[in-house]
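S.K.: What follows is a predicted protein model with its sequence.
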Amino acid sequence: MIVAAVDLGTNTTRLLVGDVADGHVGELHRETRITRLGEGVDARRKLLPVPVARVRNVLSDYRRTAESLGAERTLLVATSAVRDAENGEAFLGEIEWSYGFATRLLSGEEEAELMRRGVGEVGPGTLLVDIGGGSTELVLDDFDASLAMGSVRFSERHGDDPAASAAAARDLLPGLEPQDAVGVAATITSLAALDLGLERYDRERVHGHVLTRDGARGQLERLAAMRLDERRRVPALEPERAPVIVAGAAILVAILDTYGLEAIRVSERDLLDGAALAAAELPEPEEGAAPPGAYTCC
């Protein structure tokens with residue numbers, strides 16, 4: 001079955017169109033746009049009109065792409081920014097009515113579990129780390145948690161002060177004793193690309209890269225010492241990710257330091273892959289009335 005999955009995140013809106021068979025996603029198309037939906041949400045607890053407009057424009061493009069590739073089901077999952085916003089559920093209702101996507105507002109625990117499903121099997125004692133824009137998910141064996149720290153949230157709180165972001169992260173980290181770690185999502189994959197010295201981002205080279213703690217700290221120190229305009233010109237770093245990469249990197253280094261992890265293995269499979277698997281389990285869509293809250297969001 002061909003499905004489309006959309007991850008409506010705090011910093012990015014991502015699309016995966018794939019052919020799902022026997023619990024595996026055969027990728028047909030993958031795309032990421034930085035939309036910064038969570039801009040201002042940490043302080044105001046509301047999705048703001050300009051970020052919402054950015055997301056709407058991207059979703060229009062994604063719908064056309066999904067239809068052109070023959071997607072039979074489309075599932076949009078929403079995470080931290082929508083969870084935290086008072087008008088978040090209304091916006092999801094509008095998305096269902098306007099674009100025909102099934103939507104799911106994930107709790108922090110559901111987000112962690114869907115990320116685990118997307119990554120696939122890992123060994124016992126392996127900590128899964130997903131640093132997003134508004135939250136960070138940790139999964140270790142039977143434990144999972146969603147923490148209110150992310151690259152956008154901490155950038156808005158602490159600016160480009162890595163010490164402040166790292167200290168805030170350490171205060172939130174639970175007591176765990178992992179033996180190994182796997183990291184997903186753009187903060188970690190971007191740092192891996194920089195650690196590899198890539199001139200252009202390359203998913204195949206990033207996937208499976210072992211990013212050492214010293215390597216992550218080195219990239220954090222390098223990026224924190226740059227002006228924003230300099231970070232925007234760093235090869236293999238998406239320019240629109242430059243404003244939040246320092247806070248995200250500080251969170252990663254704090255995690256590695258706190259748990260005494262010498263390195264983290266990087267995975268390109270993540271929550272979006274889990275959402276594609278979940279999309280294949282959706283019932284056949286039915287025509288119906290506008291969901292509650294449609295057109296009342298922003």
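M.R.: Perfect, thanks for sending it. Numbers count the residues shown, from 1 in each chain.
S.K.: State the pLDDT value of A294.
M.R.: You'll see A294 listed with a pLDDT of 43.
S.K.: and A53, what are its phi and psi?
M.R.: Main-chain torsions, A53, degrees, to the nearest 10: phi -60, psi -40.
S.K.: ok, now Y201?
M.R.: According to degrees, to the nearest 10, Y201 has phi -60, psi 130.
S.K.: from memory it sits against A236, does it?
M.R.: Yes - using Cβ atoms under 8 Å, Y201 is in contact with A236, at 4.9 Å. All C-beta spots, glycine's among them, are computed from the backbone N, C-alpha and C.
S.K.: anything in contact with each of these two?
M.R.: Taking Cβ atoms under 8 Å, 6 or more residues apart in numbering as the criterion, Y201 and A236 both touch 190, 193.
S.K.: What number of residues are in the vicinity of L196?
M.R.: Residues contacting L196 under the criterion other Cβ atoms under 10 Å number 17.
S.K.: how near is the residue most central in space within the chain to T187?
M.R.: Among the residues of the chain, the one closest to the centroid is G132, at 4.5 Å (Cα atoms, centre = their mean). The gap separating G132 from T187 is 8 Å, by Cβ to Cβ, to the nearest Å.
S.K.: Check the contact lists of the two and give me the overlap.
M.R.: Joint contacts of G132 and T187 (Cβ under 8 Å, 6+ apart) are S151.
S.K.: what residues are up against the nearest residue to L220 once chain neighbours are set aside?
M.R.: Counting by Cβ to Cβ, 6 or more residues apart in numbering, A249 is the residue found nearest to L220 once chain neighbours are left out, at 4.1 Å. Contact partners of A249, counting by Cβ under 8 Å, 6+ apart, are 162, 187, 191, 216, 219-220, 223-224.
S.K.: need the helices for the stretch 151-298 of the chain, in chain order.
M.R.: 151-158, 162-172, 186-196, 203-206, 213-224, 228-231, 245-258, 271-279 (DSSP state H, counting those that start in this stretch).
S.K.: Contacts for the third one next, please.
M.R.: Taking contacts as Cβ under 8 Å, 6+ apart, the residues outside helix 186-196 that touch it are 11-12, 32, 129, 131, 151, 183, 201-203, 205-206, 209, 211-212, 215-216, 218-220, 222-223, 234, 236-238, 241, 245, 248-249, 251-252, 264, 266, 268.
S.K.: picking up where we left off before, CSV for the helices of the stretch 151-298 of the chain, including mean pLDDT?
M.R.: As requested, the helices of the stretch 151-298 of the chain are exported to CSV (pLDDT from 0 to 100):
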stretch, mean pLDDT
helix 151-158, 97
helix 162-172, 98
helix 186-196, 98
helix 203-206, 97
helix 213-224, 98
helix 228-231, 98
helix 245-258, 98
helix 271-279, 97
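S.K.: Can you add distance to F91 and give those back as CSV?
M.R.: Below are those laid out as CSV (distance: least, Cβ to Cβ, whole Å):
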stretch, distance to F91
helix 151-158, 17
helix 162-172, 27
helix 186-196, 22
helix 203-206, 30
helix 213-224, 32
helix 228-231, 29
helix 245-258, 24
helix 271-279, 18
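S.K.: Relative to R64, which of the ones you listed is closest?
M.R.: helix 271-279 (17.5 Å; Cβ to Cβ).
S.K.: who does the closest one touch, helix- and strand-wise?
M.R.: strand 2-8, strand 12-21, strand 24-34, strand 73-78, helix 108-119 (3 or more Cβ pairs under 8 Å, 6 or more residues apart in numbering; DSSP states H and E).
S.K.: Of the helices of the stretch 151-298 of the chain, which is nearest A81?
M.R.: helix 151-158 (8.0 Å).
S.K.: By neighbours, which of the contacts of A249 wins?
M.R.: Within these, most neighbours by other Cβ under 10 Å means L191, with 29 neighbours.
S.K.: distance of that one from D214?
M.R.: Separation of L191 from D214 (Cβ to Cβ) stands at 12 Å.
S.K.: No more questions from me, cheers.
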